[in-house]
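Asker: model this:
(chains A and B)
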Amino acid sequence: MILGVLAAYLVVVLVIGLWSHKLFRGTGEDFFVASRGLGPFVLLMSLFGTHMTAFTLLGASGEAYVRGIGVFALMASSSALVVPAVFYFVGIRLWSLGRRHGYLTQVQFFRERWESDTLGLVLFVVLVGLLVPYVLIGMLAGGITVFQVTNGAVPEWAGNLVICAVVLIYVLYGGMRGTAWVNTFQTLVFMVFGAATLVVVVHRLGGLDAAMARVAAARPDLLVREGNMQPLELLTYLCIPLSAGMFPHLFIHWLTAERAAHFRATIALYPLCIAFVWVPSVLLGVLSVLDFPGLPPAAASAVLVRMISLHAPAFLAGLLAAGIFSTCMNSLDSQILALGTMFTHDIVGHYGLRRRLSERQALLIGRSFVFGLLLVTFVLSLVTTRSIFRLGIWTFTGFAALFPLAVAALYWRRSTKVGAFASVMTVAGLWTWFFVMSGDRPGYTLGETGIMPVAVILLASTVAMVAGSLLSQPPSPATLARFFPGPRSPR
Amino acid sequence: MSRRATRLLLYASLAALAVLHHDLWLWSDGRVILGLPVGLLYHVGFCLAAAVLMLLLVRFAWPEGLEAGEDPR
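Answerer: Prediction:
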């Protein structure tokens, strides 16, 4: 029954994605950014759905199972403030420049802003390198979901494969419009079914007050932050949501808006959407200690699915599992589209291969690149031992540490390509260092102080940007006029 | 109040809200209010406050010059 519901859900997703092809205008801009014509509702739903990954439902509930309610303050409420602020200060300005100059990718923007092809190439490698673990998160979550709801009848690798295949089909056929439509549908699904899961589970546990009383008796440590995290961790975690300013898939989604005013609803409603999705996720993680006490941290990512399997009747369990599936695919599709867009424009198009190839051959190469990357990610999903939450944190750390690039490009005329290079190389070096140093230690912070690596890398990246810029020649007046056209443009 | 002053006030509110995110006074408070641990309830309220602030930002401090043809500010 559960598998049947999941299969039906995947068919619906495919139909929506393929149906969007009816509106395809046959141009590259239509395929990659839906002709920059999305309205406010689809923009909000697709941006939110793209940003909320499997990390939100499975990773956060798993982490709440281990560390309690503090996970909400760490990731959810911090994102509720920082992410819409990033949209306000960075997103809408990038949208404006992208529309004026026809950008489709971050690499195009930064390459022209700082007049450097090499910088564009280095950024391409770094962004793709950071995006792969992010793709891996969605894949792992899909496998876990299928494995748990079928009581192990379908192995995790099979779940991974199915999700990849479905996403690949509607992304390559429907492009950005298909992805945005599917994201909108799936965002509604996981918002509704996430809340529904909480209602069902709480009802089965005898009500919220009774359930909390049982948690307070069995594991009072989960209802406070003392002993589960340090104040400096909460402080430095505030840097993590800055990653939204550098995610390639969010950048491309920003460009789909028809008008700047369409961002207003997205910015204002984002904090509410975050609370609506994260409260059930964290609460269910905490409540799951009542039914599944003593799980090792590596198994915690599956507690949400276990709760659904235990408490919901088969048909409802299938629907709720579909809600989890939707978060996996929502981010996967946008990431895959972003990877394809970046490779097609930043490598195949920019380096002149396009002139020697037909449109069809260029697209084939782009799709082959995406397929190859998915294959590599699939192999990684078979061998990785890190939890979804920790894998997510490292990905976010890398993107957040690159945030000074976006700020400098938009607000600091004096910033230069040398500064940008210094910043990117600092991030690459320090990120690798901390990643290796952390090993498999859960909750790794600097010297056990609570200071997250992201704060150190972000600070170093900012210093590198400033020092490198001040020690080198600024971009040409023509470039500055292009990016800061007004009399009161930011300095 | 001038547009510039409104904008500065809202930016200052953003900074103040960032400070209020660090509710150290509830760090070891395990009370349950309205069915939720107080440390969680506070941050749900924080999300509501963030939504109100964002609404004020997009209403009273929306950047000009974003659309093609507008005077950039």
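Asker: near chain B, which residues of the stretch 201-350 of chain A?
Answerer: The stretch 201-350 of chain A comes close to chain B at residues A:207-209, A:212-213, A:216, A:220, A:223-226, A:231, A:234-235, A:238, A:259-260, A:263-264, A:267-272, A:274-275, A:279, A:282-283, as judged by CB under 8 Å from any CB of the partner chain. For glycine as for every other residue, the C-beta is placed from the backbone atoms N, C-alpha and C.
Asker: the residues you listed in strands, which ones?
Answerer: In strands, defined here by DSSP state E, there are no members of those.
Asker: ok, longest helix in chain B?
Answerer: In chain B, ranked by residue count with DSSP state H as the criterion, the top helix is helix B:38-60.
Asker: quick one: mean pLDDT for stretch A:45-60?
Answerer: Mean pLDDT, stretch A:45-60: 80.
Asker: gap between the two ends of it?
Answerer: End-to-end distance for stretch A:45-60, by CA to CA, to the nearest Å: 20 Å.
Asker: anything in that stretch near chain B?
Answerer: No. Using CB under 8 Å from any CB, stretch A:45-60 stays clear of chain B, with a minimum separation of 12.5 Å.
Asker: quick one: pLDDT of A:Leu18?
Answerer: Per-residue pLDDT puts A:Leu18 at 82.
Asker: residue numbers of chain B in contact with chain A?
Answerer: B:14, B:17-18, B:21-24, B:26-30, B:32, B:35-37, B:39-40, B:43-44, B:46-48, B:50-51, B:54-55, B:57-59, B:62-63, B:65-68, B:71-73.
Asker: which of these count as buried?
Answerer: B:14, B:17-18, B:21, B:23, B:26-27, B:29-30, B:32, B:36-37, B:39-40, B:43-44, B:46-47, B:50-51, B:54-55, B:57-58, B:62-63, B:65-66, B:72 (16 or more other CB atoms under 10 Å in any protein chain shown).
Asker: pLDDT of stretch B:49-60, averaged?
Answerer: The average pLDDT for stretch B:49-60 rounds to 96.
Asker: next: stretch A:282-294.
Answerer: Stretch A:282-294 comes out with an average pLDDT of 92.
Asker: export it as PDB, just CAs?
Answerer: Backbone C-alpha positions of stretch A:282-294 (Å, rounded to 0.1, in the frame of the first residue of the first chain) are rendered in PDB as follows:
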ATOM      1  CA  VAL A 282      11.900  19.300  15.600                       C
ATOM      2  CA  LEU A 283       9.000  18.300  17.800                       C
ATOM      3  CA  LEU A 284       8.700  14.900  16.000                       C
ATOM      4  CA  GLY A 285      12.400  14.300  16.500                       C
ATOM      5  CA  VAL A 286      12.100  15.000  20.300                       C
ATOM      6  CA  LEU A 287       8.900  12.900  20.600                       C
ATOM      7  CA  SER A 288      10.500  10.000  18.900                       C
ATOM      8  CA  VAL A 289      12.700   9.300  22.000                       C
ATOM      9  CA  LEU A 290       9.500   7.900  23.500                       C
ATOM     10  CA  ASP A 291       9.100   5.200  20.900                       C
ATOM     11  CA  PHE A 292      12.700   4.700  19.800                       C
ATOM     12  CA  PRO A 293      15.000   5.300  22.700                       C
ATOM     13  CA  GLY A 294      18.700   4.700  22.500                       C
END
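Asker: which positions in it come out as buried?
Answerer: Neighbour-count burial for stretch A:282-294 [16+ other CB under 10 Å]: A:Val282, A:Leu283, A:Leu284, A:Gly285, A:Val286, A:Leu287, A:Ser288, A:Val289, A:Leu290.
Asker: what's the helix or strand for the residue nearest to A:Leu269 when sequence neighbours are not counted?
Answerer: Spatial nearest neighbour of A:Leu269, chain neighbours left out: A:Leu44 (6.1 Å); criterion: CB to CB, 6 or more residues apart in numbering or on different chains. In this assignment (DSSP states H and E), A:Leu44 forms part of helix A:40-51.
Asker: skip the chain neighbours and tell me the closest residue to A:Pro40.
Answerer: The nearest residue in space to A:Pro40 (CB to CB, 6+ apart) is A:His262, at 4.2 Å.
Asker: oh, that last question was meant for A:Val86, not what I typed.
Answerer: Once flanking residues are discounted, A:Val86 sits nearest to A:Gly245: 4.5 Å by CB to CB, 6+ apart.
Asker: and the residue of the stretch 301-450 of chain A nearest chain B?
Answerer: A:Leu410 (11.1 Å; CB to the nearest CB).
Asker: any low-confidence regions in chain A?
Answerer: Chain A contains residues with pLDDT under 70 at A:25-29, A:54-55, A:353-357, A:359-360, A:363, A:385-390, A:440, A:442, A:486-491.
Asker: biggest helix in it by residues?
Answerer: Secondary structure of chain A per DSSP H: the longest helix is helix A:156-204.
Asker: contacting residues around A:Arg214?
Answerer: Going by CB atoms under 8 Å, 6 or more residues apart in numbering or on different chains, A:Arg214 touches A:Leu205, A:Leu290.
Asker: let me fix that, I meant to ask about A:Met437.
Answerer: A:Tyr444.
Asker: and A:Gly392, by the same measure?
Answerer: A:Thr53, A:Phe55, A:Gly59, A:Tyr134, A:Ile137.
Asker: grab the nearest non-local neighbour of residue 33.
Answerer: Here I'm looking at chain A. Using CB to CB, 6+ apart, the nearest residue to A:Val33 is A:Leu255, at 4.6 Å.
Asker: let me rephrase: I mean chain B.
Answerer: Closest to B:Ile33 by CB to CB, 6+ apart is B:Leu41, at 5.6 Å.
Asker: next, count neighbours for the one you found.
Answerer: 19 (other CB atoms under 10 Å in any protein chain shown).
Asker: before we move on, what about A:Ala217?
Answerer: By other CB under 10 Å, the residues close to A:Ala217 number 9.
Asker: same check, this time on the one 10 residues further on
Answerer: Other residues near A:Gly227 come to 13 when the count uses other CB under 10 Å.
Asker: how far away is the closest residue in space to A:Ile69 that isn't next to it in sequence from A:Phe72?
Answerer: Distance criterion CB to CB, 6+ apart; nearest residue to A:Ile69, sequence neighbours excluded, is B:Leu40 at 4.4 Å. According to CB to CB, to the nearest Å, B:Leu40 and A:Phe72 sit 6 Å apart.
Asker: intersection of neighbour lists for those two?
Answerer: With CB under 8 Å, 6+ apart, B:Leu40 and A:Phe72 have common neighbours A:Val279, A:Val282.
Asker: returning to what we had before: nearest residue to the residue of the stretch 301-450 of chain A closest to chain B other than its sequence neighbours?
Answerer: Going by CB to CB, 6+ apart, A:Leu410 has A:Arg93 as its nearest residue, at 5.2 Å.
Asker: isn't that neighbour up against B:Pro63?
Answerer: Yes. Counting by CB atoms under 8 Å, B:Pro63 is a contact partner of A:Arg93 at 7.3 Å.
Asker: hmm, back to that, and the residue nearest to A:Leu410, how close does it get to A:Pro477?
Answerer: According to CB to CB, A:Arg93 stands 21 Å off from A:Pro477.
Asker: need the pLDDT of the residue nearest to A:Ile69.
Answerer: Per-residue confidence (pLDDT) for B:Leu40: 96.
Asker: helices along the stretch 201-350 of chain A, start to end?
Answerer: A:208-218, A:231-237, A:248-254, A:263-291, A:303-311, A:314-342 (DSSP state H, counting those that start in this stretch).
Asker: about what we covered before: which elements pack onto the longest helix of chain A?
Answerer: helix A:2-19, helix A:28-33, helix A:40-51, helix A:117-149, helix A:263-291, helix A:303-311, helix A:314-342, helix A:359-383 (3 or more CB pairs under 8 Å, 6 or more residues apart in numbering or on different chains; DSSP states H and E).
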